[in-house]
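A.B. asks: task: produce atomic coordinates for the following.
(one chain, ligands or ions: 1)
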Amino acid sequence: MPALRVPKRKAEPVKRRLKKLGLYDGKRRPKREGEFVLLPVIEDPILRSLGYEVLPSELPLRPERQLYKNLESVLAGRLSEEELKHLRRYDIVGDIAVIQVPRELSHRVDDIVWGLRKVHPFIRVVAQKGFHEGAFRIREYSIIWGERRLETVHRENGVQIKVDLSKAFFNPRMKGERYRLAQLVRDGERILIPFAGVLPYALVIARYKRVKITAVELNREAYELGLENIELNRERLKGEIEFIHGDVFDVLPELPTHDRVISPTPRGVDALALTLGRAEKWLHYYDFVHETDVGAFRTRIMDACTMLGKECRVRVKKVSDFKPHVFKVCADVEIKGK
Ligand SMILES: C[S@@+](CC[C@H](N)C(=O)[O-])C[C@H]1O[C@@H](n2cnc3c(N)ncnc32)[C@H](O)[C@@H]1O
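C.D. replies: Numbers count the residues shown, from 1 in each chain. Next up is the predicted model:
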């Protein structure tokens, strides 16, 4: 598979251009080579006209793609090529495999369960996921194999996270994002996390940094799991976590401002002014944005800064695909002063 060899300082703009051209291969990872970066690309004659060297290169698959590939190759003897095309990405949460079975594969459920157990011999439950429901963002699940439970302990970024998928939101795909934030945080910071769920962000940050975190969550069951998670990880945490059960819109106005606010905002909720108002130096604000509206989203944040008399620098980062043409994004807002 080809890669484009680009000087390090040009890697980001070239990557953006490749994405616009539909030539960036997101299934593989870029790789540093001294002062150059090898960007994974899809074979196309246009590549030769971009002014950079095109090399054959075995760039590694992203880990989740690698897992998916493993399932695909295990199932290759059982499913037809046409059927394999319909296989979807799946998640492993603790010892639970969470899958989506499209209509085209509904007659192949037993084979898919067999394949998942072969690739992940430790799984004890296979659950099929439905949609996120209501303000607490809990999904509908049906268990299609194994023990009748959706509770498990998930390990990520050096912490253990007890989850119950039937009671509280949890997304294992945000593991990299949580690690990114933990790296941005400095020892000594005071951090506020509204919409905290079972505390994945708080635990990962407190695992690595000596900080004081205040987290807020309305779903009573997520809150109780979060309290259990603080105990479960007590020995590992460098930082402290205070967890408040309540509505962000009632609780935040009563809290002092914090150095950093991290808002994993539920879809469809507008907490921008509220969270920005509580942030002294940084706000990380998550939202779901159509690819054509990223500029408007940035402008909305700049306008909110102006309204609050804050001078801000805003960088919008794509975090994951949500549905075709809609991304989950994070606005990293640096507040430079009043
Ligand atoms: C998108 S989830 C994020 C959860 C967690 N931060 C994570 O990443 O796993 C949003 C969370 O906000 C909670 N929530 C929704 N509305 C809320 C409100 N008004 N006040 C406090 N929490 C709320 C939901 O119960 C849910 O746990």
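A.B. asks: how about Phe169: what's its closest non-neighbour residue?
C.D. replies: Counting by Cβ to Cβ, 6 or more residues apart in numbering, Phe169 lies nearest to Arg137, which is 4.1 Å off, once chain neighbours are set aside. For glycine as for every other residue, the C-beta is placed from the backbone atoms N, C-alpha and C.
A.B. asks: how close does that neighbour get to the ligand?
C.D. replies: The span separating Arg137 from the ligand equals 5 Å under the rule Cβ to the nearest ligand atom, to the nearest Å.
A.B. asks: what pLDDT is listed against that residue?
C.D. replies: On pLDDT, Arg137 comes in at 87.
A.B. asks: got it, and Val211?
C.D. replies: Model confidence at Val211 (pLDDT) stands at 98.
A.B. asks: contacting residues for it?
C.D. replies: Under the criterion of Cβ atoms under 8 Å, 6 or more residues apart in numbering, the contact partners of Val211 comprise 185, 187-191, 205, 238-240.
A.B. asks: that one and the ligand, how far apart?
C.D. replies: As for Val211, its distance to the ligand is 16 Å (criterion: Cβ to the nearest ligand atom).
A.B. asks: could you pull up phi and psi at that residue?
C.D. replies: As for Val211, its main-chain torsions (degrees, to the nearest 10) stand at phi -130, psi 170.
A.B. asks: buried members of the contacts of Val211 into PyMOL, please.
C.D. replies: The PyMOL selection below is limited to those of the contacts of Val211 classed as buried (16 or more other Cβ atoms under 10 Å):
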select buried, resi 185+189+190+191+205+239
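A.B. asks: and the contacts of Val211, which is closest to His107?
C.D. replies: The shortest gap between His107 and any of the contacts of Val211 belongs to Ile205, at 44.9 Å (Cβ to Cβ).
A.B. asks: checking that closest one next. Helix, strand or coil?
C.D. replies: When classified by DSSP: H, G, I helix; E, B strand; the rest coil, Ile205 comes out as helix.
A.B. asks: and it, what does it touch?
C.D. replies: With contacts defined as Cβ under 8 Å, 6+ apart, the neighbours of Ile205 are 178, 181-182, 185, 191, 211, 213, 239.
A.B. asks: these in strands, which ones?
C.D. replies: Restricting these to those inside strands, with DSSP state E as the criterion, leaves 191, 213.
A.B. asks: and which of the contacts of Ile205 is nearest Leu79?
C.D. replies: Sorting those by how near they are to Leu79, with Cβ to Cβ, puts Arg178 at the top with 34.1 Å.
A.B. asks: and the closest residue to that closest one other than its chain neighbours, how many neighbours?
C.D. replies: With Cβ to Cβ, 6+ apart as the criterion, Arg178 has its nearest non-adjacent residue at 4.3 Å, and that residue is Val204. Other residues lying near Val204 total 25 when counted by other Cβ atoms under 10 Å.
A.B. asks: just to revisit the earlier point, I'd say the residue nearest to Phe169 and Asn171 touch.
C.D. replies: No: under the criterion of Cβ atoms under 8 Å, Arg137 is not in contact with Asn171, lying 9.1 Å apart.
A.B. asks: checking whichever residue of the stretch 151-300 of the chain sits closest to the ligand next. Helix, strand or coil?
C.D. replies: Residue nearest to the ligand within the stretch 151-300 of the chain (Cβ to the nearest ligand atom): Gly197, separated by 2.7 Å. The assignment at Gly197 comes out as coil when based on three-state DSSP.
A.B. asks: now do Ser320
C.D. replies: On the three-state scheme (three-state DSSP), Ser320 is labelled strand.
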